[in-house]
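**Student:** Make a model of this:
(2 chains)
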Amino acid sequence: MKNKIKQLILIPLVIFTLGSCQDFLDTRPTNVVVAETAMKTIYDAGVAVNGLYVDMKYQDYYGTLMQLMGDQRGDNIQPRVMSTGWVQIYTFGYESESSSNFEMWKKCYQTIMRCNTLIANIGNLNVTKPADIAKKNDFLGQAHAVRALVFFDLARLYGYPYLKDNGASLGAVLITEILAPSDSKLPRSTVAQTYTQVLADLTTALPLLSKSKNTGHFNYWAAKLLQARVYLYKGEWDNAHNAAKEVIEQSPYTLATRDQYINYWKEVGASETILELFVSAQSNIDDDGGYGSYWHNLWHGSPSAGASLIPTVAWINLIESDPDDIRAQFVRYDSQYDLPKAWLNKFPGNGGVNFRLNNPKLLRLSEAYLIAAEGALKGSAGVTAASNYLDVIRKRANPAVTKLTATDDLIQIERRKEFIGEGHRFFDQMRLGKSITRLDGDGHNFAQSAGCPGTITWDFNKIVLPISHTERQIYPELQQNPGYTE
Amino acid sequence: MVKRILLLLGILSVLCSYSYAQIKVTGKVTDAIDGTPVPYVSVMVKGTSHGTSTDANGIYSLTNVPSTGTLVFTFIGYQPQEVPVNERGEINVVLVQQAVGLDEVMVVAYGTMTKGSYSGSATQLKQENFKDIPVVSFEQAIVGSVPGVQISQKSGQPGSLPEIRIRGFGSFNAGNEPLYVIDGVPVTSGDWGSGNMYTSSMNFLNPGDIETITVLKDAAAASLYGSRASNGVILITTKKGKAGRVVTTFKGNLAVSYFAVDNYPMVSEEEGEMLTREAWTNYGKDNPVFWQSYGSLDNYVNAQTEKYYPSRKPNLIYEDWEKQLFRTAVSQNYELSVSGGSEKSKVFASVAYTDDKGINRIQYLDRLTASMNAEHQMSKRLKVGGSFQFSTQDQSGHQDGQAKDNVFYLWKVHLTPRWPFKYDDGSYWMEYYDGGTRVNPVPQFDLQINDANQLRILLKGWAELQITKDLKIKSIVSHDYLKMHDRFHWLYGHINFTAYGQGFASDRYRMVGRTVSSTIANYNKTIKKHTFAIMAGWEAEKEEFLYTRLAKMDFSNYGATESALATNFESGYTYRSNSNLLSAVSSANYDFDSKYYISGSFRRDGSSRLGPDKRWGNFWSVAASWRLSNENFIKKIKWIDDLRLRGSYGTSGTLPSDLYGYMAVFGYDIYDTAAAGYPSNLANKDLTWEKNNNWNIGLDARIFDRVGLTAEYYKKTTKDLLMNATVPSTTGFGSALTNIGSMENKGVELAVNVDIIKNKEMTLTAGLNWATLHNEVLSLSAEGEQIVSRPHIWKAGYSFVQYYTREYYGVDPQTGNPQYYSNATLPDGTKDRTLVSRSQASSTILEGMTAIPKGFGGFNASFTWKSFSAAFSWAYKYGHYVFDNSVDDIEDDGYNSYKNTSKEQLRRWQQPGDITDVPRRVAGNTQGGYYDSSRALKKGDYLRLKNMTVSYLFPKNITNAIKVSNARIFLSGNNLLTFTGLNFDPEVQSNGYYNFTFPALRTVTIGLEISL
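**Tutor:** Residues are numbered from 1 along each chain as shown, chains lettered A, B, ... in the order given. Predicted structure coming up:
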């Protein structure tokens, strides 16, 4: 009896402490994948490529903020009331020490890290079939192209316009490989150096990328159009013109017609979309339905559906000066409050179903025409070529308009009309050293009372975002932008 | 052998009978508190070894008692009592349970000990300390009772989660909650809900089923729990059956509740309009260009006031929002328990039902519990037993903090008296009054589901084998199953329902299964004056988590509540994870002559939460104590009844809360319809547990047979603090789980109990406890590093809850503008102290402003007189600051004209020369209270009458008449009185940050207890 009892007690003791204890303590997660086994096949690499884009659609980047930084800091979009709607963007009220410093910086580096991971690891992938080799090249090209886009955005958001000082102000921290946290505390490079990196990445990407349509992903044409945009910001007019011209003439994309134009914004993979980001209800939205909703939802939809941003009176007046302009149909007056305040109905959501599920369109063929126009006008191609490009966009909006001789003002006005809500206006005015003046006299000019100058030029220090004070506590090498508290 | 003893006894009695008359004495021994019989009480004739013990019904009979002798009644857990015989043949005795005293039996890690031989620091509370306090979970009932332990509720909603800090903050991010152990088994605790409301998994335990609660505080007490003991351990023993008559007890109570204090007094409607006007007038004066188109400033101010604080309209109905949102809650609780058994078999069983209502109608908790504890002596050597605790509860509520559905926040911040309630046709006024974010919450109550169903079963079986007289082995196998199902639904018609098309339904299930198996051997031996107690064994624990989620959109019908009636799939998945722990435990205790005690413990833990090279760790402790009162030179001092010195040192740890934090992993999402993968964490192979080194020195004394005293000093140093440390954003990650730095907690704890009146008819006992806490971050990963986590900063040399924000100076008496210290760092390293506007002010470490109190604790008194008893306990805390995050909403100096306004704003600056600390009100004010500054820091001192009970035990003639053995009624109250300088409820969580969590309630209860 005693022996049996001893066995009873000792056997489990021995089993647990010796036999199975390593197994017992080796557990594995099931909702994530251990990194060593995460990229073993070309299929896995494709999944990792999707991973480059998947978080760019969030609110703190192309989900909302990127567009607002371009439209709401300009004179296209404003908060409907003073209390809600990202007021600090309109008033330039962001500060290094408040939570309203819009940490787009973080999202940008998250994407860059993903690009760097892919670039560092895709070489280990052993593929032999020609189709797989082409895919592998395309994936590598996409990683470089995405990285170029993000570095370019960092330069636009955090650095002063290139033409202001030939890129002498501070731009991005150029991180192009995977670094340990202790090695990541590099200082910021200049805007000029950042542009060099952007163009280098695009140069690497272009020959690798596929020229076929690839909705939701960079292809050759998306990278080419981005290159055109970068040259435009840099004032390299001929390069801008040539790149845009190549897209217009050789790419498989065609402009949406006037008849297609209103519905164009609902469509996924539509004729003139060169790069868009997929937004879908299935993708990692917050569990409780929208307290921190991640979608491009702010000015899309009527105020009764929660929209808190509206087009400015100045923009409405501009677009309604030609009532036959197809884009005037974006303006809607059916609000239950503030009746004189119209709202913008440009983005009704994918399929027009739910305006919160709206694929942001980052690059489209219309932009190629307007870049080509500006590049031609200011470069060697000349005013006639410029007028032809401009006329295509003007006539698409209203076939009845007469052809005009292109001027820079006409091109900028056309850009303002065409790109509302797409995040261009403020950056366009700043890159050219022009000014922004908000003229709305209806009580919305609270920006001024909040300390914002009436007219904004590239001499205003706050046209660049602050670096977060909190981040600088652990990363003091990261230089603050001028005029912000350390 | 037996014969020999009988012979000896016979001889003795014969010898004795020469000197005294011998009589037979019989009687009954009962418990002073509930009058139940006390079995197995030792009854001895003083000065002899002649005696007996009571039977299962508390009855004894002893012959050959000297008629002038004295009987001594002793039983573990009761105060010994000596009764002169005085020639009486019947002596009934009422034994009083030992509230204090070093012979009290304590439940400690892996066993029990008498308090006098225990060298660790632990406080034990018994059922009678909290039995009449109506709480869903026991933690709230012991606030202020345990020195050095801070307890607060995360929210005043029913079923909320307690926050317990035992001797300060042991950890940065790994969690500071203690480990709970029920009847020797570590159990699941904490909040397993989805964060839409606080819900404590410990709610499953009916407080009425608890026999004792022991809080283990130092290493000697807690090191045996090794890698999970750093934040202290709470041991709970549940009620067991007692041999003897079957006792059936019924207890029922009814409680009413409302807010404990007047939180955030608001301005009246007229004052609100006046302040709005004033803000716009000032705004217009500052910016004349804006009112030009209105013709005059007055027109402009009228227009703006009408917009932001609109006048009452004849076709709209306005109500007092407080009345619409809140009610006096009526809660009820019923318990039925049965206890009984023989010497061989004992059983305790109970069922209880709680219907706890919140003061808003969406807040409630319904709970049914059932439990059973049984044991049986199989043979001379083998005892087996088993138990279960079962509970099912439904809890409903709303989010806390600045959430749209937090009715407290809406009431205080958004619902002004000018916010219409209904149209005159009776329909609800449902427009966005404040610019598009808030609507009338009342019709939403029925259209939102935010609830949690928690089902929990704790099953346990055990066997104890007495191998020799000195050696026994006990094996326990238990399974702790928790199922949490929470729902967050916006039904058709809810104001947010269109956010996801036509409504949204999210269901989440979490299953936590924890199997624990342990086998422990105990060897106890006394050889003359040497007593040894040795324990060794092992324990294995397997935790399995299963998470399932389903979310759908677009209800197919008005009135549909479940996702079965929703059309479109939104999200659904499941995953499981595991966390296993394997441990060897051992301890040894030695005492010499009940004077000198030495003990040591050792535990080796292996955890799956750490990488293969780091997963094993050793934890140990040593302790010693000296019972001076057993030394002859102290025995001579009459007024010292007991005196003991003790000290301990040891280690313990905290595991990362992240189960796989050491691995580099890829996370996955969906891009369009394809998978998207990306690195989702920064791996840390070297991740290890937090290590705690713990000193404790204590003194226990009892003097004048009246005064009990315990004084302790402790110092706890935590190294390798686990933290989701912020990493440079250029890594592409926000944070990485890292072991960084070290932190220290030290303090003094003092507890005094005085038996002021102690006689047969009346007792009065008073107690006070007081504790200090010094908390300091000793180092972070890099020299001089500071980590900002607003409103706090972590930096070596400062406390873990040091405040960091802009430094508010006050108001310029000439302009009324708020002024702040610049605090920019000058080239020489000093701070610039010039006064600037808010946007030019830099945040700074506010020296001396921390959430660590200078002192905290409680005092209590209990009084009994015949059949009456009364008790109260107060809790207090002083010397700390709280960060009141309401300032940016209701003391915003005009920033947002839609919002409600605190009475504090009536003290605003109005004209040059005004001396005040509240600035001039200006509409859209971006220089004032909207932005955080030291203005939000307020002294948090408070004193609160936490609990008070009065009870009356019906006399025998009444109980006999209604044929019950006992009947008692009681009246009790929680949070009856509060003294504080704050304008809101002062029970703020330990980091001092207050952000509209639902405040504490005042509850008054009446109850009845009947035993058959």
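**Student:** And B:G879, how far from A:Y158?
**Tutor:** 44 Å (CB to CB, to the nearest Å). Glycine gets a C-beta too; all of them are placed from N, C-alpha and C.
**Student:** These two: which is more packed in?
**Tutor:** A:Y158 (23 against 15; other CB atoms under 10 Å in any protein chain shown).
**Student:** Tell me which residue of the stretch 51-200 of chain A lies closest to chain B.
**Tutor:** Closest approach between the stretch 51-200 of chain A and chain B, counting by CB to the nearest CB: A:M113, at 2.2 Å.
**Student:** need the contact list for that residue.
**Tutor:** A:I175, A:I178, B:P679, B:T731, B:G732, B:F733 (CB atoms under 8 Å, 6 or more residues apart in numbering or on different chains).
**Student:** Could you chop chain B up by domain?
**Tutor:** The record assigns chain B these domain ranges, following automatic domain parsing: B:2-95, B:105-245.
**Student:** End to end on the last one, go ahead and measure it.
**Tutor:** Taking CA to CA, to the nearest Å, the span from the opening residue of domain B:105-245 to its closing residue is 24 Å.
**Student:** And for stretch A:462-470?
**Tutor:** 19 Å.
**Student:** Would you tell me which helix is longest in chain B?
**Tutor:** Ranked by number of residues, the top helix in chain B under DSSP state H is helix B:269-286.
**Student:** helices or strands up against it?
**Tutor:** helix B:297-308 (3 or more CB pairs under 8 Å, 6 or more residues apart in numbering or on different chains; DSSP states H and E).
**Student:** Just want the angle from the helix it packs on to helix B:269-286.
**Tutor:** Computed by axes from the mean of the first three to the mean of the last three CA atoms, to 10 degrees, the angle separating helix B:297-308 from helix B:269-286 equals 130 degrees.
**Student:** tell me the mean pLDDT for helix B:297-308?
**Tutor:** The average pLDDT for helix B:297-308 rounds to 92.
**Student:** what about B:V135, which helix or strand?
**Tutor:** Assigned by DSSP states H and E, B:V135 belongs to neither a helix nor a strand.
**Student:** Surely it touches B:L205?
**Tutor:** No. Look at B:V135 against B:L205 with CB atoms under 8 Å: they stay out of range, at 11.2 Å.
**Student:** Which of the three states applies to the residue nearest to A:F92 when sequence neighbours are not counted?
**Tutor:** Spatial nearest neighbour of A:F92, excluding adjacent residues (CB to CB, 6 or more residues apart in numbering or on different chains): A:K462 at 4.4 Å. Classification of A:K462 by DSSP: H, G, I helix; E, B strand; the rest coil places it in helix.
**Student:** mind listing what A:K462 touches?
**Tutor:** Here A:K462 is in contact with A:F92, A:Y94, A:C452, A:G483 (criterion: CB under 8 Å, 6+ apart).
**Student:** Check the secondary structure at the second one for me.
**Tutor:** So the one you mean is A:Y94. Assignment for A:Y94 (three-state DSSP): coil.
**Student:** what's the pLDDT at it?
**Tutor:** Listed pLDDT for A:Y94 reads 89.
**Student:** Distance-wise, check the residue most central in space within chain A relative to B:Q399.
**Tutor:** Closest to where the C-alpha atoms of chain A average out (CA atoms, centre = their mean) is A:Y62, at 3.9 Å. Taking CB to CB as the measure, A:Y62 falls 29 Å from B:Q399.
**Student:** And for A:K211?
**Tutor:** Separation of A:K211 from B:Q399 (CB to CB): 50 Å.
**Student:** Could you do A:I112 as well?
**Tutor:** Distance from A:I112 to B:Q399, by CB to CB: 35 Å.
**Student:** More neighbours: which of the two?
**Tutor:** A:I112 (26 against 23).
**Student:** Quick check: that one is in a strand.
**Tutor:** No. Counting by three-state DSSP, A:I112 falls outside a strand, being helix.
**Student:** Quick check: A:I112 touching B:T731?
**Tutor:** No. Assessed by CB under 8 Å, A:I112 is found out of contact with B:T731, at 9.9 Å.
**Student:** Would you mark the buried spots in the helix or strand hosting B:I958?
**Tutor:** Using DSSP H and E, B:I958 maps to helix B:956-961. Using 16 or more other CB atoms under 10 Å in any protein chain shown as the test for burial, helix B:956-961 gives B:T959.
**Student:** what's downstream of it, the next helix or strand?
**Tutor:** That would be, after helix B:956-961 and using DSSP H and E, strand B:966-980.
**Student:** Now that next one: buried residues?
**Tutor:** Quick answer for strand B:966-980 (16+ other CB under 10 Å): B:N966, B:A967, B:R968, B:F970, B:L971, B:S972, B:G973, B:N974, B:N975, B:L976, B:T978, B:T980.
**Student:** measure the fourth one to chain A for me?
**Tutor:** In this case it means B:F970. 42 Å (CB to the nearest CB, to the nearest Å).
**Student:** contacting residues around that residue?
**Tutor:** B:D132, B:N253, B:T949, B:V950, B:S951, B:Y952, B:T1005, B:I1006, B:G1007, B:L1008, B:E1009.
**Student:** Ok, B:Q905 next?
**Tutor:** B:V267, B:L275, B:I890, B:E891, B:D893, B:V918, B:R921.
**Student:** do B:V887 as well
**Tutor:** Contact partners of B:V887, counting by CB under 8 Å, 6+ apart, are B:G929, B:D932, B:R935, B:A936.
**Student:** Farthest pair within the contacts of B:Q905?
**Tutor:** B:V267 and B:D893 (13.6 Å; CB to CB).
**Student:** Looking at those two, which is more packed in?
**Tutor:** Using other CB under 10 Å, the more surrounded residue of B:V267 and B:D893 is B:D893, with 27 against 20.
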